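3D, please:
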Amino acid sequence: MKNIATGALLGVLVAMTGCQSMDGMHDGDGMHMMKAKMSDAQILSVLHTANMGEISQGQIALQKAQRADVRNFAQRMVSEHTDNDQKGKALLTSANMAPQNNHLSMKLQKDSDDVVMKLNKADAKDFDKTYMESQVKVHKMVLETIDKKLIPNAQHPDLRNHLTMTRAAVAMHLQMAEQLSDSLK
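Below is the predicted model of the structure:
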């Protein structure tokens, strides 16, 4: 079951780095780099999708996690991603924009739904490790996506600032997830 969940999470990661127009080039990890520019509305749609995925996965972990520290991490993910999503919605309102779905956000949504389904089916004894390993992988990829795609394409100064703060939070989440994941080995 762990391999199935890990495979589904890899799909989420690939979606986050390679779903828009491809230029055929590869980065150091062998994944396609996105070539197409993204609008601020598309960037906010990607952020919203990522936040909602984290919230959904965290809610499952709150129900299924065996260890208190994993549940505490999950609660933090739900709370902080909810707050980040609300800030993104406020940016949309203040800039008079509507979120614009795009290939990246739609693929991310599908893959996130697949991960949620796998987490719902995960055995209780393996859940904590499966969830935390997925959090490490997802946060690594979100950090890379923010650095390589979202920040470079953001035009609105408030969005660039929001992305910079989001990046710091994602980096902190990654460090926490790595420490917790290591403690489960």
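
CA-only coordinates of stretch 37-53 in CSV, if you can.
In CSV, the C-alpha atoms belonging to stretch 37-53 read as follows (Å, rounded to 0.1, in the frame of the first residue of the first chain):
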residue,chain,number,x,y,z
LYS,A,37,4.4,31.9,-18.8
MET,A,38,1.7,31.9,-16.1
SER,A,39,-0.6,34.8,-15.2
ASP,A,40,-1.1,35.9,-11.7
ALA,A,41,-4.6,34.4,-11.8
GLN,A,42,-3.2,31.1,-12.9
ILE,A,43,-0.5,31.2,-10.2
LEU,A,44,-3.2,31.8,-7.6
SER,A,45,-5.2,28.9,-8.9
VAL,A,46,-2.2,26.7,-8.5
LEU,A,47,-1.6,27.9,-5.0
HIS,A,48,-5.3,27.3,-4.1
THR,A,49,-5.2,23.8,-5.5
ALA,A,50,-2.0,23.0,-3.6
ASN,A,51,-3.4,24.4,-0.4
MET,A,52,-6.7,22.5,-0.7
GLY,A,53,-4.7,19.3,-1.3
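
let me see the mean pLDDT of it.
When pLDDT is averaged over stretch 37-53, the result is 95.

oh, and call the first residue 13 from now on, that's how I've got it
With 13 as the first residue, the last one maps to stretch 49-65.

so what touches it?
24, 28, 32, 93-94, 96-97, 100-101, 103-104, 107, 109-114, 116-117, 120-121, 124, 127-128, 150, 154, 157, 161-162, 165-168, 171, 175, 178 (C-beta atoms under 8 Å, 6 or more residues apart in numbering). All C-beta spots, glycine's among them, are computed from the backbone N, C-alpha and C.

can you rerun that using 6 Å?
The contact list for stretch 49-65, computed with C-beta atoms under 6 Å, 6 or more residues apart in numbering, reads 93, 96-97, 100, 104, 109, 111-114, 116-117, 120-121, 124, 154, 162, 165-168, 171.

how far is the helix or strand containing residue 61 from where the chain is centred?
Per DSSP states H and E: residue 61 is located in helix 52-76. Put simply, helix 52-76 sits 6 Å off its chain's centre (C-alpha atoms, centre = their mean, to the nearest Å).

where do the strands of the protein begin and end?
Ranges of strands within the chain are 34-38, 44-46, based on DSSP state E.

and residue 150, how far from residue 137?
Using C-beta to C-beta, to the nearest Å, we find residue 150 at a distance of 22 Å from residue 137.

these two: who's more crowded?
The neighbour comparison of residue 150 against residue 137 (other C-beta atoms under 10 Å) goes to residue 150, with 24 against 9.

pull the contacting residues for that one.
Applying C-beta under 6 Å, 6+ apart, we find residue 150 in contact with no residue.

what's the pLDDT at it?
Reading off the confidence values, residue 150 has pLDDT 87.

got it, and residue 31?
Here, the pLDDT recorded for residue 31 equals 37.

same question, residue 163
What the model reports for residue 163 is a pLDDT of 96.
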